[in-house]
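K.L.:
Give me the fold of what follows.
(one chain, ligands or ions: 1)
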Amino acid sequence: MVKIKTAQKRFWNKKKVFLTGHTSFKGSWLKLWLEFLGAQVTGYSLNFPSQPECLYKILYKEKILKQSVLNNKNLEKQLLNSQADIVFHMAAQSILSKASEDPIKNYLTNIIGTASILEACTKVKTVKTLIIVTTDKCYKENEKIKFYTERSPLGGSEPYSASKACAEIISNSYLLKFKKLKKKIVTVRAGNVIGGGDWKKNRIVPDVIRSIINKKKIKIRNPKYTRPWLHVLDCLNGYLIAAEYSFSKKDTFNTWNFAPPLINQITVINLAKLIFSKFGKKNSIIFKNGQKFYESKKLNLSSKKATKMLNWRTVLSKKNIINFTYDWYLGYIKKMDMKNFSIIQLKNFYKLAKK
Ligand SMILES: NC(=O)c1ccc[n+]([C@@H]2O[C@H](COP(=O)([O-])OP(=O)(O)OC[C@H]3O[C@@H](n4cnc5c(N)ncnc54)[C@H](O)[C@@H]3O)[C@@H](O)[C@H]2O)c1
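P.N.:
Numbering: from 1, shown residues only. Now for the predicted structure:
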């Protein structure tokens, strides 16, 4: 039987973690997971990324200090105060359409923001590993190849992709400095992540959920585009075990792709239909509209390296991805205690991994 590796309590318990973008969709889940494993998390974010609903507010019901990664003095000060062993850099302008509307803000946040955290980590002694979150879109588009591997050339045909490719290049430029300081850099590239608690506009799952809650029609862009849909827990499990790996190995720099098996790679329209049908809205309200910004048609990542070296595999099947996502939003609609509910999903994830 193939063993699937999951994030270990014995590694994370009592670790100090600094997390930029802790109010993000992925960041909120990561904070919850790290705390579940006994880590002490210090968050650093500019804002709540979605309004009125936001996963962080739902889970933590607290205000945040608004702090920018572009304020490098403050970033360094907060990192020093946290005494972190491990840093996850998730803060970003993460929406492709917004990147095209305001490229400069996108480039500042995603490029200079990455340089700021790299620089801050060189100055804070306690930090041993920095994990930089980029994307599957950081590769130079090539329709002739079937899969992008970690060695595929970086590039970007629109501002979001280009900014994340730059974040990769800048991270790599710190290799020698980090080597000298005996610190590690890990960059992680994953595809479109779905799961309970995402509320960002222009993302398919939140758009479908809002259309169900508000009984409004949904506009779907590029319904036939294929995406490697990955559940947020499978994605974060990859980030966590990649961080664990870097602690035990000598390599200063490592890069990992995390993608689901091909069977999970379905079109945007089919994903929307699956969620509608779970809510009993089979023939609903889907129509197309024109595309105002450029987006790549097909994105297939190979995560062979992570499978071979980290023992990472997706725990959730396509059916489970839909069920976990549906269950979460249904729990929310029924006004359940969503922090508790999310922890139960985490425990179920571990149970399924063991099976
Ligand atoms: N969600 C996805 O499908 C997906 C796919 C690939 C990569 N990613 C990457 O994963 C990370 C998290 O994505 P998400 O969708 O959960 O993010 P999100 O859009 O939900 O949240 C963005 C986060 O960045 C913070 N932020 C923005 N500008 C900042 C600044 N100047 N200073 C400090 N904080 C700032 C926000 O406060 C928020 O916490 C991002 O780096 C994103 O590019 C996401």
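
K.L.:
What separation do you get for Gly196 and Leu59?
P.N.:
Noted for Gly196: a distance of 11 Å to Leu59, by CB to CB, to the nearest Å. For every residue, glycine as well, the C-beta is placed using N, CA and C.

K.L.:
which bits of the stretch 151-300 of the chain sit near the ligand?
P.N.:
Within the stretch 151-300 of the chain, the residues that sit near the ligand (CB under 6 Å from any ligand atom) are 190, 192-193, 200.

K.L.:
8 Å instead?
P.N.:
Listed as neighbours of the ligand in the stretch 151-300 of the chain under the rule CB under 8 Å from any ligand atom: 160, 164, 189-194, 198, 200, 203, 232, 235.

K.L.:
and these as JSON lines, adding neighbour count?
P.N.:
Below are those laid out as JSON lines (neighbours: other CB atoms under 10 Å):
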{"residue": "Tyr160", "neighbour count": "28"}
{"residue": "Lys164", "neighbour count": "29"}
{"residue": "Arg189", "neighbour count": "25"}
{"residue": "Ala190", "neighbour count": "26"}
{"residue": "Gly191", "neighbour count": "23"}
{"residue": "Asn192", "neighbour count": "21"}
{"residue": "Val193", "neighbour count": "22"}
{"residue": "Ile194", "neighbour count": "23"}
{"residue": "Asp198", "neighbour count": "27"}
{"residue": "Lys200", "neighbour count": "17"}
{"residue": "Arg203", "neighbour count": "19"}
{"residue": "Val232", "neighbour count": "27"}
{"residue": "Cys235", "neighbour count": "25"}
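
K.L.:
Looking at Gly196 and Leu59 now, which is surrounded by more residues?
P.N.:
Comparing Gly196 with Leu59 by other CB atoms under 10 Å, the one with more neighbours is Gly196, at 26 against 21.

K.L.:
still on that earlier bit, and of the residues of the stretch 151-300 of the chain next to the ligand, the nearest to the ligand?
P.N.:
Using CB to the nearest ligand atom, Val193 comes nearest to the ligand of those, at 3.8 Å.

K.L.:
contacting residues for the closest one?
P.N.:
Contact analysis of Val193 by CB atoms under 8 Å, 6 or more residues apart in numbering lists 25-26, 229-232, 235.

K.L.:
is it true that Ile185 lies in a helix?
P.N.:
No: using DSSP: H, G, I helix; E, B strand; the rest coil, the assignment for Ile185 is strand, not a helix.

K.L.:
mind listing the strands for the stretch 1-150 of the chain?
P.N.:
Applying DSSP state E, counting those that start in this stretch to the stretch 1-150 of the chain gives strands spanning 16-20, 40-44, 86-89, 129-133.

K.L.:
Figure out which of the ones you listed is closest to the ligand.
P.N.:
Closest approach to the ligand among the strands of the stretch 1-150 of the chain (CB to the nearest ligand atom): strand 129-133, 4.3 Å.

K.L.:
tell me what the closest one is packed against?
P.N.:
strand 86-89, helix 113-123, helix 159-173, strand 184-190, helix 232-248 (3 or more CB pairs under 8 Å, 6 or more residues apart in numbering; DSSP states H and E).

K.L.:
which residues are contacting it?
P.N.:
With contacts defined as CB under 8 Å, 6+ apart, strand 129-133 is touched by 21, 26, 85-90, 92, 114, 117-118, 121, 167-168, 171, 178, 183-188, 190, 239, 242-243, 246-247.

K.L.:
Where does the prediction get shaky in the protein?
P.N.:
Counting by pLDDT under 70, the chain contains low-confidence ranges at 1-2, 282-299.

K.L.:
so what's Leu30 closest to, chain neighbours aside?
P.N.:
Distance criterion CB to CB, 6 or more residues apart in numbering; nearest residue to Leu30, sequence neighbours excluded, is Leu236 at 5.3 Å.

K.L.:
what touches both of Gly196 and Leu59?
P.N.:
Overlap of the contact sets of Gly196 and Leu59 (by CB under 8 Å, 6+ apart) consists of Ser342.

K.L.:
ok so, going back, want to throw the helices and strands packed on strand 129-133 into a markdown table with distance to Ser100?
P.N.:
Shown next, in a markdown table, are these (distance: least, CB to CB, whole Å):
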| stretch | distance to Ser100 |
| --- | --- |
| strand 86-89 | 23 |
| helix 113-123 | 18 |
| helix 159-173 | 6 |
| strand 184-190 | 21 |
| helix 232-248 | 24 |
